[in-house]
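In: Sequence first, predicted coordinates after that:
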Amino acid sequence: MCGIIGYIGEKNCVPILINGLKRLEYRGYDSAGISIINNGNTCIVKNKGKVSALEEKVSLMKLNAVLGIGHTRWATHGIPNEINAHPHSNEDNTLFLIHNGIIENYQTIKKGLKQIGYSFRSETDSEVLVMLIDSFLKKNYPLTKAVQLALSEVEGTYGIAVIYKDEPDKIVVARKGSPLVVGLGENENFIASDVSAILAHTKQIVYLDDGELAVITKNGFLVKTILDIEIEKEVHEISMSLDEIDKGGYSHFMLKEIMEQTESVTNSMRGRLLLEDGDAKLGGLANVIDKLVNSNRIIISACGTSWHAGLVGEYMFEQYARIQTEVEYASEFRYRNPIITNEDTVILISQSGETADTLAALREAKSRGALVLGICNVVGSTIARESNAGVYIHAGSEIGVASTKAFTSQLIVLALITLLIARKKSLSAAEGKELVEAMQELPDKISHILKLNDTIEQLAEEFKDSKNFLYLGRGYNFPAALEGALKLKEISYIHAEGYPAAEMKHGPIALIDEKMPVVFIATKDSTYEKVISNIEEVRARGGRIIAIASENDEEIDTLVDYSIKIPDTVEMLRPVLTSIPLQLLAYHIAVKKGLNVDQPRNLAKSVTVE
Ligand code: F6R
């Protein structure tokens, strides 16, 4: 979703802003812009489309300035075009603002501003905010106060950065519901919506919390509440490296991230498995473990791929930990007045740790007294910070918009939590040891699956022109089927549905004909025979079948058109393996269709609006 970067210091900020915006491209955007202030001169440059086009425009202008802000916009109010792109400015181009989030009462504010003579160029909610701040500057308030006064009238969410020609020694930023960080350097400071934008310059980071405003100067920063109470903030040294956010020789981040799963899964388990005890160790849960083990109920709330991981978690928790578990879309959970007590544990799963709906679900659960745990990838993200306790998945930066390695690492962490609870309940050390051993074998099995890349690429050639796909699986592999379908639709724009295999008879079977590819996850587990019956039903209707099958299963080849053979593991861990060929299939189909795999249309990496 929209990205923010800002610089104040002694260097020319223009390349810093442009390179920072390039680092933010993965979040998804449709237009970009920068504005700068230098020696009493101001300039604003924007365009629809890519940052590279903005870069070309800017390089012709030979701009130089020590203060500036830049933005990538993902349209919410108003179509993607140059006028709606950020920064927005006041009428005389002295005040500039970039904004992530949504100003819900912008129509009311706009009406009031129009009555006192303001006119508007764009269709955005954000422009209203710059004019509102301007109206306070016109009443002779200094910039920081004007921002505070304006924000006190605003309903909705925002991460904003503002610069003003008459106070060129500062950037004022504020946050409510949209992430913002301050990066600290020597005689220079940075602001960004995401550390990857400024990682090339600093690892000293201050995370702003909701309701906070910061004034950033060349040599320091001051954080206050919107109501002007000063706040002490901790400076964090982050360990992320620049290599993590580079493509490392791969043609796309998505492929790099799929191929990294041997390593990312290993990292998610590192130091957390106790082989001899058949147990797991999760430092992040140490203080809450008794409450977790004795929970009446676990509710997992998340969105998209993380929600699919949650569904696998439900199977795990109910089978091994014997705790009743429900999985809720965060967007539904937050608005349906859910019944939650202080005997419940609510687990939020989020790669980014910033998803607006998941964050709102967290706050809802917390306010109702539940134990709130976060399973996040991005260290220091809002969900990670606001949870009572949690576990990082340590998958490393995930830049490709389609989530891949985060999914498999989320499954690993859910398996670790399952083991931890189950061993405190009825799971014996010997049974625990079997699970630990199975987990330790996963990286080798993943390497084996990744070697099937070329075979899967050929299969993609065969199916790239299909208009629809069905993905079917049962038990633990049902969520893997949903995830396979989501991967395909989001990057290849092919319509795909995931179903529990047996549900097919209750409707989707009507779609089956010789043009309909059906992907079955048919590994040899407790539902294998049933899945084979479902395969027969599709075969009888002429559907084209691709099976993800166990490597020793030769029989299945007599029933299906194509099979991808993968190693087996314990049932609980199957989706870690079965999801990987589906990621590769989606990837290769999208590449063969010539699509932008890392930045699919309309999608954003981190959905920070409702
Ligand atoms: C799909 C995808 C999305 C995210 C969803 C939640 O590939 O990436 O469906 O899973 O937007 O995002 P997080 O996990 O960051 O909360």
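Out: Looks like it came in fine.
In: Next, residue 402: secondary structure please.
Out: Recorded secondary structure, residue 402: coil (DSSP: H, G, I helix; E, B strand; the rest coil).
In: Now residue 351: closest residue in space, sequence neighbours ignored.
Out: The shortest distance from residue 351 to any non-neighbouring residue, by CB to CB, 6 or more residues apart in numbering, is to residue 406 (4.0 Å). Every residue, glycine included, has its C-beta placed from N, CA and C.
In: Give me the next element, helix or strand, following the helix or strand the one you found falls within.
Out: Using DSSP states H and E, residue 406 falls within helix 405-424. Next in sequence after helix 405-424, counting helices and strands by DSSP H and E, comes helix 429-450.
In: what angle sits between that following helix and helix 405-424?
Out: In terms of direction (axes from the mean of the first three to the mean of the last three CA atoms, to 10 degrees), helix 429-450 departs from helix 405-424 by 170 degrees.
In: which residues sit against helix 429-450?
Out: Helix 429-450 has contacts (CB atoms under 8 Å, 6 or more residues apart in numbering) with 258-259, 261-263, 265-266, 269, 273-280, 320, 408, 412, 415-416, 419, 422-423, 566-567, 569-570, 572-573, 576-577, 580-581.
In: Helices - which of those residues land there?
Out: Counting by DSSP state H, the contacts of helix 429-450 place 258-259, 261-263, 265-266, 269, 408, 412, 415-416, 419, 422-423, 576-577, 580-581 in helices.
In: Can you flag the buried ones in those?
Out: Neighbour counting by 16 or more other CB atoms under 10 Å classes 258-259, 261-262, 265-266, 269, 408, 412, 415-416, 419, 422-423, 576-577, 580-581 among the ones in helices among the contacts of helix 429-450 as buried.
In: ok, and which of the ones in helices among the contacts of helix 429-450 reach the ligand?
Out: With the criterion set as CB under 6 Å from any ligand atom, no member of the ones in helices among the contacts of helix 429-450 is near the ligand.
In: if we can go back for a sec, dump the residue contacts of the residue nearest to residue 351.
Out: 305-306, 351, 377, 393, 395, 398.
In: so how far is residue 587 from it?
Out: From residue 406 across to residue 587, the span is 15 Å (CB to CB, to the nearest Å).
In: Then residue 519?
Out: From residue 519 across to residue 587, the span is 14 Å (CB to CB).
In: how about stretch 270-279: buried residues?
Out: Going by 16+ other CB under 10 Å, stretch 270-279 has these buried residues: 272-274, 278-279.
In: Give me the distance from it to the chain's centre.
Out: 29 Å (CA atoms, centre = their mean, to the nearest Å).
In: confidence score at the single nearest residue of the chain relative to the ligand?
Out: Nearest residue of the chain to the ligand (CB to the nearest ligand atom) works out as residue 304 at 1.9 Å. At residue 304 the predicted local confidence, pLDDT, stands at 97.
In: repeat for residue 168
Out: pLDDT at residue 168 comes out at 97.
In: who does the strand or helix carrying residue 589 touch, helix- and strand-wise?
Out: In the assignment (DSSP H and E), residue 589 maps to helix 574-592. Helices and strands touching helix 574-592, by 3 or more CB pairs under 8 Å, 6 or more residues apart in numbering; DSSP states H and E, are helix 253-259, helix 405-424, helix 429-450, helix 453-463, helix 477-492, strand 517-522, strand 544-550, strand 562-566.
In: Now do that helix, average pLDDT.
Out: For helix 574-592, mean pLDDT rounds to 98.
In: Report the inter-axis angle for it versus helix 477-492.
Out: Using the same axes, to 10 degrees, helix 574-592 lies at 20 degrees relative to helix 477-492.
In: starting at the chain centroid, how far to helix 574-592?
Out: 19 Å.
In: swap in stretch 299-318?
Out: On CA atoms, centre = their mean, the centre of stretch 299-318 falls 15 Å from that of its chain.
In: Mind listing what's buried along that stretch?
Out: Within stretch 299-318, the residues that count as buried by 16+ other CB under 10 Å are 299-317.
In: And the strands in the stretch 151-300 of the chain?
Out: Counting by DSSP state E, counting those that start in this stretch, the stretch 151-300 of the chain has these strands, from start to end: 158-164, 171-176, 181-184, 189-192, 204-207, 212-217, 220-225, 230-231, 236-237, 273-274, 279-280, 297-302.
In: out of those strands, which comes closest to residue 22?
Out: Closest to residue 22 of the strands of the stretch 151-300 of the chain, according to CB to CB: strand 189-192, at 12.6 Å.
In: C-alpha coordinates for the closest one, CSV please?
Out: Extracted in CSV, the C-alpha atoms of strand 189-192 (Å, rounded to 0.1, in the frame of the first residue of the first chain):
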residue,chain,number,x,y,z
ASN,A,189,17.6,12.0,9.7
PHE,A,190,14.9,10.0,7.7
ILE,A,191,11.3,9.1,8.0
ALA,A,192,9.6,6.2,6.2
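In: which is the next helix or strand following the helix or strand where residue 21 lies?
Out: Residue 21 is part of helix 13-24, with elements assigned from DSSP H and E. Following helix 13-24 in sequence order, the next helix or strand is strand 31-38 (DSSP H and E).
In: Who are the packing partners of that next one?
Out: With contacts defined as 3+ CB pairs under 8 Å, 6+ apart, the secondary structure elements packing on strand 31-38 are helix 13-24, strand 41-48, helix 51-61, strand 67-73, strand 95-100, strand 158-164.
In: Return the list of strands paired to it, each annotated with direction.
Out: strand 41-48 (antiparallel), strand 67-73 (antiparallel) (DSSP bridges).
In: right, so the ones you listed: which one is the most enclosed?
Out: Mean neighbour counts were taken over the strands paired with strand 31-38 using mean count of other CB atoms under 10 Å, and the top value, a mean of 29, falls to strand 67-73.
In: can I have that strand written out in CSV, keeping just the CAs?
Out: Taking C-alpha atoms only, strand 67-73 is exported to CSV below (Å, rounded to 0.1, in the frame of the first residue of the first chain):
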residue,chain,number,x,y,z
LEU,A,67,14.9,18.6,2.6
GLY,A,68,12.3,16.6,0.9
ILE,A,69,9.5,14.0,1.1
GLY,A,70,8.4,11.3,-1.4
HIS,A,71,5.4,9.0,-1.8
THR,A,72,4.0,6.1,-3.7
ARG,A,73,0.2,6.1,-3.9
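In: packing partners for the next helix or strand after that strand?
Out: Following strand 67-73 in sequence order, the next helix or strand is strand 88-89 (DSSP H and E). Here strand 88-89 touches strand 95-100, helix 126-137, going by 3+ CB pairs under 8 Å, 6+ apart.
In: which residues sit against the shortest one?
Out: Read that as strand 95-100. So strand 95-100 is in contact with 1-4, 6, 33, 35, 37, 42, 44, 69-71, 86-89, 125-126, 129-130, 133-134, 137, 158-165, 178, 193, 608, going by CB under 8 Å, 6+ apart.
In: again, but for the last one
Out: With contact meaning CB under 8 Å, 6+ apart, helix 126-137 is reached by 77, 86, 88-91, 95-99, 103, 106, 109-110, 113, 116, 118, 120-121, 143, 145-147, 149-150, 153-154, 158, 160, 162, 164, 166.
In: swap in stretch 320-340?
Out: Outside stretch 320-340, the residues touching it (CB under 8 Å, 6+ apart) are 295-303, 307, 310-311, 313-314, 317-318, 346, 348, 355, 357-358, 360-361, 364-365, 368-370, 417-419, 421-422, 425-427, 435, 572, 610.
In: With stretch 522-538 instead?
Out: 472-477, 501-502, 504-505, 509, 512, 518, 520-521, 545, 547-550, 552-553, 556, 559-560, 566, 568, 571, 574, 578.
In: C-alpha coordinates for it, PDB please?
Out: What follows is stretch 522-538, C-alpha atoms only, in PDB (Å, rounded to 0.1, in the frame of the first residue of the first chain):
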ATOM      1  CA  ALA A 522      -3.600 -36.200  -3.000                       C
ATOM      2  CA  THR A 523      -0.700 -37.200  -0.700                       C
ATOM      3  CA  LYS A 524      -0.900 -40.500   1.100                       C
ATOM      4  CA  ASP A 525      -2.500 -39.600   4.300                       C
ATOM      5  CA  SER A 526      -5.700 -40.500   6.300                       C
ATOM      6  CA  THR A 527      -8.000 -39.000   3.600                       C
ATOM      7  CA  TYR A 528      -6.100 -40.400   0.600                       C
ATOM      8  CA  GLU A 529      -8.700 -43.000  -0.500                       C
ATOM      9  CA  LYS A 530     -11.500 -40.400  -0.200                       C
ATOM     10  CA  VAL A 531      -9.500 -38.000  -2.400                       C
ATOM     11  CA  ILE A 532      -9.000 -40.700  -5.000                       C
ATOM     12  CA  SER A 533     -12.800 -41.100  -5.200                       C
ATOM     13  CA  ASN A 534     -13.000 -37.400  -5.800                       C
ATOM     14  CA  ILE A 535     -10.400 -37.700  -8.500                       C
ATOM     15  CA  GLU A 536     -12.500 -40.400 -10.100                       C
ATOM     16  CA  GLU A 537     -15.500 -38.100 -10.100                       C
ATOM     17  CA  VAL A 538     -13.600 -35.400 -11.900                       C
END
